[in-house]
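**Student:** give me coordinates for this.
(one chain, ligands or ions: 2)
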Amino acid sequence: MNDTFQRKINYLRISVTDRCNLRCVYCMPEEGVDLTDHKEILSHEEIIRVIKSAVLTGIRKIRFTGGEPLVRRGITSLIERVNEISEIDDIALTTNGILLPKMAVGLKKAGLRRVNISLDTLSPEKFRRITRGGRLSEAWLGVETAREVGFDPVKINTVIIRGFNDNEIYDFARLTTKIPLNVRFIELMPIGVSDLGDGGGFVATAELTEMLQDRYGLVPEKVAGNGPAKSYRIPGAPGTIGFISPISNHFCASCNRLRLTAEGQLRPCLQSPQEIDMKTPLREGASTEELAQVIRFAISSKPEKHNMEQAGWAGNRRCMTQIGG
Ligand code: SAM
Ligand code: SF4
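**Tutor:** Ligands and ions are numbered 1, 2, ... in the order given. Below is the predicted model:
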C-alpha cells in the first residue's frame, strides 16, 4: 500500500524484545531501561498474526530487531514460522552478533537469509567501553560464524561517533579489502538517552566519504537490499562500504517501512512519538482483516519526514531498544 506521500510501504521491522545483553552508550542508559513485563510483550502467535495481516497491506519484507533479538526465547522457531508465509520474500535480522556462534546454524535452517551485525569498533578496549562490558572477541566470532554458515550478505553497521571511533574508519574500510563484508557507516541519531548531548559525537557522512575518497578512490556500487545506504567499493575489494545518513541527508522521501514495538505498538516513523495500538485489537480477537485495517491506518499516518535535527536528544526519550532500531 502507498502512504499519503506516494511511498510504497512494504517493509515491517519488528522488535521482538526490549532486552539486551549489551548496554551501548548511545542506545540506552547504564542502568538499562524499565523492562516491559513479559505479559505485555507480543507472543509469537501474536507476531505471526500481525505479519499475516500486514501481508494484506502489501508488506513483503520482515526484519527482526530489538533490543537484542537473539535473546528472545524461541526466535529461531518464530523465524521458521514466518518463512512459511509465502508472501514474505525476505527475512532479515539486526543483531549485536554475540549469540550468533550458538545460534547461526539454526537460524539459517529456519529460513533467515541475511544478518546485519552492529560493530562500532575493532579495539577490544573500546568495544568494552561503548557496549559497557561486552567482549569484541565474542562479537567478532559472531561475524565469522555468520559468514561460515552462508548468510549473504553479512553487513556490519557502524555508528560513527566523533572522538570515539571516527579514527577507525580506515581500519573498517580496509576490512572490506580482505573480507566480503558490507560495512555501513551510520550517522548517530539523537534517539533515546545518552550523555553525548546535542550535537555531541555527531559526524556527518560527507566528512567520512571525503576522507575515504581521498585515500582509496571509492567507486560507486549498487548493493541489492542496501536500503538507504549509498554504497561504494575500494577498487578490487571483495567487500563494500556504505553510508547511511539519516540526519545530514535524510532519506524520508524513499522510506518504505513501518515499525512494530515489542509491546505491540505500530510506529509510523522512527522519530515521531506517534504509536498505533495493535495489541488491544489483537487481544480482543480482531480478525486478520480488522488488523490489516489498523496497519493501513498506521501507513496512512506516516509523516512526510522526521525532525530529529530540531528535536535533538530531548525530543526522543524512548530508546532504540524500546522502539526497535
Ligand atoms: N541489538 C541489535 C543490534 O545492536 O544490532 C539490534 C537493535 S539496535 C537498537 C539496532 C541498531 O540501532 C544498531 O545498529 C545500533 O547501532 C543502532 N542504534 C542504536 N542507537 C542509535 C543511535 N542513537 N543512533 C544511531 N544508531 C543507533
Ligand atoms: Fe543492545 Fe543493540 Fe542497543 Fe547495543 S545497540 S545496547 S546491542 S540493542
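**Student:** and the chain, which of its residues are near ligand 1?
**Tutor:** 20, 26-27, 65-66, 68, 94-96, 118, 157, 159, 186, 188-189, 191-192, 320-321, 325 (C-beta under 6 Å from any ligand atom). From N, CA and C alone the C-beta is placed, and that goes for glycine too.
**Student:** which among the residues you listed end up buried?
**Tutor:** Buried members of the residues of the chain next to ligand 1, counted by 16 or more other C-beta atoms under 10 Å: 20, 26-27, 65-66, 68, 94-96, 118, 157, 159, 186, 188-189, 191-192, 320-321, 325.
**Student:** among these, which are in strands?
**Tutor:** Members of those lying in strands (criterion: DSSP state E): Thr65, Thr94, Thr95, Ser118, Asn157, Val159, Ile186.
**Student:** quick check: bridge partners of the fifth one?
**Tutor:** So the one you mean is Asn157. With DSSP bridges as the criterion, Asn157 is bridged to Ser118, Arg184.
**Student:** these two touch, right, it and Asn116?
**Tutor:** Yes. Between Asn157 and Asn116 a contact is recorded at 5.3 Å, counting by C-beta atoms under 8 Å.
**Student:** which neighbours do these two have in common?
**Tutor:** Thr94, Arg184 (C-beta atoms under 8 Å, 6 or more residues apart in numbering).
**Student:** and this protein, which residues reach ligand 2?
**Tutor:** 20, 22-24, 27-28, 66-68, 96, 118, 320-321.
**Student:** strands along the chain, start to end?
**Tutor:** Using DSSP E, strands in the chain cover 11-15, 61-65, 90-95, 114-118, 154-160, 182-187, 219-221, 230-233, 240-244, 257-260, 265-267, 276-277.
**Student:** average pLDDT for the first one?
**Tutor:** The predicted model gives strand 11-15 an average pLDDT of 96.
**Student:** next one: the fifth one
**Tutor:** Mean pLDDT, strand 154-160: 97.
**Student:** tell me which other helices or strands it touches.
**Tutor:** Here strand 154-160 touches strand 114-118, helix 136-148, helix 169-178, strand 182-187, going by 3 or more C-beta pairs under 8 Å, 6 or more residues apart in numbering; DSSP states H and E.
**Student:** got a markdown table for the ones you listed, with mean pLDDT and distance to Asp90 too?
**Tutor:** Below are the helices and strands packed on strand 154-160 laid out as a markdown table (pLDDT from 0 to 100; distance: least, C-beta to C-beta, whole Å):
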| stretch | mean pLDDT | distance to Asp90 |
| --- | --- | --- |
| strand 114-118 | 97 | 8 |
| helix 136-148 | 98 | 17 |
| helix 169-178 | 98 | 23 |
| strand 182-187 | 96 | 16 |
